[in-house]
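> this one's sequence-less:
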């Protein structure tokens, strides 16, 4: 089971434990997005990936653009939409 690193999920989405991964890289044309120490993953029907990492950073990898990441304030949900 993954270390939660403060993970708070109020989205109603189901996340999969991917804490066994050292990193995860997404390739887009000439760009690569690498996420170190990913803990939790949700893959939406549209193919977007929501990832929470061990540093407490929330990432969204959509199919239409390269990468979006955010860090929430202490006690705030990492995903709530």
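The structure has been received and is ready for your questions. Just so you know, these numbers come straight off a predicted model, no measurement behind them. Numbering: from 1, shown residues only.
> may I ask which helix or strand encompasses the residue nearest to residue 4 when sequence neighbours are not counted?
Using C-beta to C-beta, 6 or more residues apart in numbering and skipping residues adjacent in sequence, the residue nearest residue 4 is residue 39, 7.4 Å away. (C-beta placed from N, C-alpha, C; glycine too.) Residue 39 belongs to strand 38-43 when assigned by DSSP states H and E.
> strands of the protein, start to end?
For the chain, the strands defined by DSSP state E cover 16-17, 23-28, 31-36, 38-43, 49-53, 57-61, 68-71.
> quick check: the residue nearest in space to the middle of the chain vs residue 73, distance?
Centroid check for the chain by C-alpha atoms, centre = their mean gives residue 51 as the closest residue, at 1.0 Å. Computed as C-beta to C-beta, to the nearest Å, the residue 51 to residue 73 distance reads 19 Å.
> cool, residue 46 as well?
For residue 46 relative to residue 73 (C-beta to C-beta), the value is 28 Å.
> these two - which one has more neighbours?
residue 46 (8 against 5; other C-beta atoms under 10 Å).
> excluding chain neighbours, what is closest to that one?
Using C-beta to C-beta, 6+ apart, the closest residue to residue 46 is residue 63 (6.6 Å).
> check that neighbour and give its pLDDT.
On pLDDT, residue 63 comes in at 85.
> swap in residue 34?
Per the predicted model, pLDDT is 93 at residue 34.
> what's the local residue count around it?
Neighbour number of residue 34 under other C-beta under 10 Å is 11.
> now do residue 79
Neighbours of residue 79 (other C-beta under 10 Å): 20.
> going forward, count from 268.
From this message on, residue numbering opens at 268, which makes the last subject residue 346.
> what sits against residue 288?
304, 305 (C-beta atoms under 8 Å, 6 or more residues apart in numbering).
> how close does the residue lying farthest from the centre of the chain sit to residue 320?
Centroid-distance maximum for the chain: residue 297 at 21.5 Å, with C-alpha atoms, centre = their mean. The gap separating residue 297 from residue 320 is 24 Å, by C-beta to C-beta.
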